[in-house]
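Participant: I need the structure of the sequence given here:
(3 chains)
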Amino acid sequence: MTRPLPAVIAAAQNASDRMADRHTPFVMNDWYVAAFAEEIKEELLGRTLLGRQLVFYRTSTGQVVALEDRCPHRSMPLSAGTLTQDTIVCGYHGLRFNAEGDCIEVPSQANCPKNVGIRSYRTHERGAVVWIWMGEAELADLSKLPPQDWMESGEWERSQGYLSLQGSYVRLHENLLDLTHLSFLHAKSFGTPDYAKAAFESVIGDGQFALLRNVVPTTLPPVWAIPTGLTGQGQAARIVRSEFRSLGLHEVSVTFYDCNLPENERPQFRIRTAHMPTPETATSTHYFIVHGRDFALGNPETTRFMHDQLFVAFQEDVDGLALQEQALASTPPEDLYEFSVVADAPAVAMRRYVLARQRQEAPD
Amino acid sequence: MTRPLPAVIAAAQNASDRMADRHTPFVMNDWYVAAFAEEIKEELLGRTLLGRQLVFYRTSTGQVVALEDRCPHRSMPLSAGTLTQDTIVCGYHGLRFNAEGDCIEVPSQANCPKNVGIRSYRTHERGAVVWIWMGEAELADLSKLPPQDWMESGEWERSQGYLSLQGSYVRLHENLLDLTHLSFLHAKSFGTPDYAKAAFESVIGDGQFALLRNVVPTTLPPVWAIPTGLTGQGQAARIVRSEFRSLGLHEVSVTFYDCNLPENERPQFRIRTAHMPTPETATSTHYFIVHGRDFALGNPETTRFMHDQLFVAFQEDVDGLALQEQALASTPPEDLYEFSVVADAPAVAMRRYVLARQRQEAPD
Amino acid sequence: MTRPLPAVIAAAQNASDRMADRHTPFVMNDWYVAAFAEEIKEELLGRTLLGRQLVFYRTSTGQVVALEDRCPHRSMPLSAGTLTQDTIVCGYHGLRFNAEGDCIEVPSQANCPKNVGIRSYRTHERGAVVWIWMGEAELADLSKLPPQDWMESGEWERSQGYLSLQGSYVRLHENLLDLTHLSFLHAKSFGTPDYAKAAFESVIGDGQFALLRNVVPTTLPPVWAIPTGLTGQGQAARIVRSEFRSLGLHEVSVTFYDCNLPENERPQFRIRTAHMPTPETATSTHYFIVHGRDFALGNPETTRFMHDQLFVAFQEDVDGLALQEQALASTPPEDLYEFSVVADAPAVAMRRYVLARQRQEAPD
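Facilitator: Numbers count the residues shown, from 1 in each chain, chains lettered A, B, ... in the order given. Alright, predicted model coming up:
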């Protein structure tokens, strides 16, 4: 019966109140991934992002268009209409909208009324993904997109995938900033027992949060042991940098090498994973993932092997975070409290930053 | 990025606030269709109408009975009980109710307590349908039932069907009063491209709203071309009257003839459709339909052909209105605005009338 | 149209307001059945009781452990973790908790923080069931457990089963205290037509409520006629005591004998059923049942025959109470009223007692 004392619980609840969570409104003024580039074709695609329903398509010249997915006449989803000559014709009464969201035709009358339109959103296609800015249009600024050269470089071999997370994007970012969970949530996939106990270093800046962890020496799980050949017990080094780059991008970089070789003779094997969470609703998240490696280039079997193994592990996160979400939703508020431990420092700082961003944008 | 200016959106929202929608309480004081006559047999039928759960049955002398579907003792649905000697015996403790809703027996005691009963509702069976009045009993008046002689006349060949609409009955009435949607929502069934652009006349009275539209000359879709023989390109006239007759009945009358024949030698082919929406909940509707024609009488193959073709089109309405309902439900209120166009005038007037009816009946 | 007058309805609603129902918060300070003893093994079992999510397991020495099912670090359900050395290791970051709910290890740091823990609950295993006390720990008192010797005695042959009720536990207790429903809800199983009309006696005390009913002579339904051999028309006596023993236990005791035999030569056949409802949520209930008889001992075919027949009847209660729950949930509050009849007196008293218990425990 060691539930903490009420004062201790109240202190924990106060600490949580200073962090973003599922109740925090979305931060609108930032870039998020809307879709993989290959998903957006010359056809209508409906998708909910940040609680808003949008419709996407690609014009005949290849431009990506993102509009509100609701006809402003009688609220039919435009994604249920047809795409004709780079414009959407509503499936209900035939109102036509161009790529800027202007209504340009009302079939039942000669002239189209002025002032009828829907919002269009700025997008930016880059490499495998299409980014979107859903906040104030005048603040959209490509310089706020985190650099991601490796995602477009020929020196990296990539694969990509999508997972639907029934949980908050805040908790996915938290998950990615505290990799001590690898030894437990991923005990059967890419975690190893020594991971949680390895020394780590935190980097906590203004909007930059990272965890550095050197697990040396260690035994690699098959997903990396097999492609690198570092299959021996305690043979490998696993040097990890896991970094919150923006609300829409968390990047994990890992370097492996053989500890038994002299430092100047070690081949280095590097992998990178871009984890790109985009809120769908307060409690569901589009989880876009691009993974790359700088070795075994041009080897599709290795790509497939690593991809399949990795997505088993990412699915463990998705399953675990969905369980967490259910527990958060079903616990009476007075019984809900969470304590943080030392390893949570970067995630706690990140969640405070997200809350501050939201409050800055919507002060009331 | 042509979302209208805030002032323009606010004006559109104000205009919508003066029309009935899914948030408007039901208008109780009117006749609605409860069921097709053939549905009500000497057995218990539970059905939700206007948000209330009712139980129906037919007595041994053929009278339709409509009662609250909840035992006033311990709230068991009476429709889960048994029908015996024109009375309902509750399936839980055996309380018995007569056709007036009086409790006439409590098996566990010698005397039945006074004052225990449930509400009965006035019904009126007429032709293929049973109407019900769920408002104040003293206001029930058969003169408020719209005339519907053709639905009972031997000069018309009829078929009937039911659709379950996951949307508000207000939006179904709106749909029926703005047939410019035929060219789009029904592009693959009974709509033709010229329909939306044809000239129309509106009739807007106090509780009477109609659209008249002459599409001349036109090419008929198969549903009418085949039974009338008017199969030529641009051969036919299509003269339409679509009229809101009451909250429970919208009637569409169409006359077809051959434009190429002199006016006094033209056979006329007439069809009528009674669209009878009854609210189930705020966002679901029982959609009863009776369709008739005054030609090819006694020809069951024609009846079946037309019925099947028509219900493909009516299902398009049901599917479209369900999508509209979902968009209305999921759009944040501040982002929800609708503009009306010229062709909406009768529907807008009708929606204002429905709101006025509701406010008149429940002023607070 | 014999809905009662508004004043009559208001009086009925006032009477209901003085009884516990689905809106009454749970009475925490009492013993409820958490599980059958055989359900709790050396593995983690998650279960929601009284609206709280718990995790159960059995230690290597056979003790039952009940803890909050939420890691106080990042809210992962502990039931999704692993059981190791009589402790739970959270499946997310590996925090470890002992049987008292103390956090005893945080793998990512050398020392475990003080004051981190979760609540443990007192349990008491007795015979076939495990009881739990979820209220104030200092009030837990085994003397408040109703005697249940027959459930542990070798003179009784028992079977047990579980049903999931989609309704309030209050209404299940009400159902058990008004057996006039046997003639109707159980007309096809163990009810007989004469049951509802048989004379009965009520016992209404402070926290004790019972119904005594002698149905003599009667014809037994097969579930008892066959095992007792009392198969003749009007041959048997059926002497019933149905008693609310506590919030967690209602006991039904029945004695059968042959009316045609002289009083001192009558073999008596006795059955007992422990009905043990535990609220899961406000509108769902864990329904644990243990049934016993003191005849035909050591006869597994009789056990199976009676068990199967009885559970058909108990399922009728579960199905009926779910329908009742749906009617209660869907009736607009102003239309919701219930009248009580004479046979309801013990149930009404019981529901008032439950409300008084709740108010005593949480006065605001």
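Participant: helix, strand, or coil at A:Tyr32?
Facilitator: Under DSSP: H, G, I helix; E, B strand; the rest coil, A:Tyr32 falls in the strand class.
Participant: what about it, neighbour count?
Facilitator: By the criterion of other C-beta atoms under 10 Å in any protein chain shown, A:Tyr32 has 26 neighbours. C-beta here means a position set from N, CA and C on the backbone, and glycine is covered the same way.
Participant: can you verify my assumption that it contacts A:Gly248?
Facilitator: Yes. Here A:Tyr32 reaches A:Gly248: they are 4.2 Å apart, a contact under C-beta atoms under 8 Å.
Participant: any residues in contact with both of these two?
Facilitator: A:131, A:276, A:278 (C-beta atoms under 8 Å, 6 or more residues apart in numbering or on different chains).
Participant: and the last one, bridged to which residues?
Facilitator: According to DSSP bridges, A:His286 are recorded as the beta-bridge partners of A:Thr278.
Participant: now swap in the first one and tell me
Facilitator: For A:Trp131, the beta-bridge partners under DSSP bridges are A:Val33, A:His124.
Participant: least confident secondary structure element in chain A?
Facilitator: Here the helix or strand of chain A ranked lowest by mean pLDDT, DSSP states H and E is strand A:200-204, holding a mean of 90.
Participant: and the helix or strand that that strand is followed by, average pLDDT?
Facilitator: Beyond strand A:200-204 on the C-terminal side, the first helix or strand identified by DSSP states H and E is strand A:209-218. Taken as a whole, strand A:209-218 carries a mean pLDDT of 93.
Participant: can you tell me the SS state at A:Arg238?
Facilitator: Following three-state DSSP, A:Arg238 is assigned to strand.
Participant: hang on, A:Phe314 in a strand?
Facilitator: No. Counting by three-state DSSP, A:Phe314 is not part of a strand but helix.
Participant: what's around it, how many residues?
Facilitator: Around A:Phe314 there are 20 residues (other C-beta under 10 Å).
Participant: go on, A:Val240?
Facilitator: 20.
Participant: ok, it - contacts?
Facilitator: Contacts of A:Val240 by C-beta under 8 Å, 6+ apart are A:179, A:211-215, A:252-254.
Participant: go again using 6 Å as the cut-off
Facilitator: By C-beta atoms under 6 Å, 6 or more residues apart in numbering or on different chains, the contact list for A:Val240 reads A:213, A:254.
Participant: same question, A:Trp133
Facilitator: A:31, A:122, A:140.
Participant: tell me the one of those residues nearest B:Lys197?
Facilitator: A:Arg122 (35.1 Å; C-beta to C-beta).
Participant: look up how far chain C lies from that closest one.
Facilitator: A:Arg122 sits 35 Å away from chain C, going by C-beta to the nearest C-beta, to the nearest Å.
Participant: so who does that residue touch?
Facilitator: A:133, A:140.
Participant: what's around A:Ile239, how many residues?
Facilitator: 17.
Participant: look up how far A:Arg266 lies from it.
Facilitator: Using C-beta to C-beta, to the nearest Å, one obtains 11 Å as the distance from A:Ile239 to A:Arg266.
Participant: reformat the contacts of A:Trp133 into CSV and put pLDDT next to each item.
Facilitator: CSV is the format used below for these (pLDDT from 0 to 100):
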residue, pLDDT
A:Trp31, 98
A:Arg122, 97
A:Ala140, 94
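Participant: C:Arg74: which of these is nearest?
Facilitator: C:Arg74 has its nearest neighbour among these in A:Trp31, at 27.4 Å by C-beta to C-beta.
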